[in-house]
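In: here is my input; please provide its structure:
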Amino acid sequence: MLFITLQAASEGARLADALGLDPVVFHDLATVSSGDSWPLRTWYPVPGVVETSPANRNFEATFTTRLAEKDLSYALAAGEEAGLDLAVGRLAMERFARLIDDGYGDRDCSLVVRYVGRDGSTPGFDPGA
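Out: Residues are numbered from 1 along each chain as shown. Below you'll find the predicted structure:
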């Protein structure tokens, strides 16, 4: 559930930015609405909004993408065993697998925000640093 809500927070943050909304104001509103979540409050993927966000540190890992992918694989296997269709979990898995394939497995899992923008640009992330 964490990685699904992280994806939702990433999409909301990038949408707010694309619409020209102030990231701090959007974050403050979202955290007191039905969109609130732990990743929104803790890993908000925009630099300068949440002190604990890896976006403030070039997405250095607090929880790696490889660990996220491992945890998601267990959840998806359990869902398969239970005869469930965890469609949103599979979408999250695709995003984390893509991060790993692109060489970012040791970066923070909140770098999943990278794939919300079609051009791959990510505020707070310098792949060469």
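In: C-alpha only now, for contacts and for neighbours.
Out: OK.
In: buried residues in stretch 22-31?
Out: Burial within stretch 22-31, assessed by neighbour count using 16 or more other CA atoms under 10 Å, is assigned to P23, H27, A30.
In: do you know the pLDDT at G48?
Out: Residue-level confidence at G48 comes out at 96, pLDDT.
In: actually S121, not the one I typed
Out: Among the per-residue scores, S121 shows a pLDDT of 86.
In: what about it, how many neighbours?
Out: 14 (other CA atoms under 10 Å).
In: contacting residues for R107?
Out: Shown here is R107, whose contacts under the criterion CA atoms under 8 Å, 6 or more residues apart in numbering are F59, E60, A61, F63, T64, T65.
In: backbone dihedrals for the fifth one, please?
Out: For T64, the backbone dihedrals (degrees, to the nearest 10) come out as phi -70, psi 160.
In: for the closest residue to it other than its chain neighbours, grab the count of nearby residues.
Out: Beyond its immediate neighbours in the sequence, the residue positioned closest to T64 (CA to CA, 6 or more residues apart in numbering) is D108, lying 4.5 Å away. For D108, the number of neighbouring residues by other CA under 10 Å comes to 25.
In: ok, F59 - contacts?
Out: For F59, the set of contacting residues under the criterion of CA under 8 Å, 6+ apart consists of R107, D108, S110, L111, G124, F125.
In: 6 Å - rerun?
Out: Listed by CA atoms under 6 Å, 6 or more residues apart in numbering, the contact set of F59 reads R107, D108.
In: cool, and the one 3 residues further on?
Out: By CA under 6 Å, 6+ apart, the contact set of T62 is D108.
In: tell me which element it is part of?
Out: Following DSSP states H and E, one finds T62 outside all helices and strands.
In: thought C109 was touching A61?
Out: No. With the criterion set as CA atoms under 6 Å, C109 and A61 do not qualify as a contacting pair; they are 7.2 Å apart.
In: who has more neighbours out of these two?
Out: C109 (29 against 17).
In: separation between that one and D85?
Out: 23 Å (CA to CA, to the nearest Å).
In: got it, and R66?
Out: Following CA to CA, the distance that separates R66 from D85 is 23 Å.
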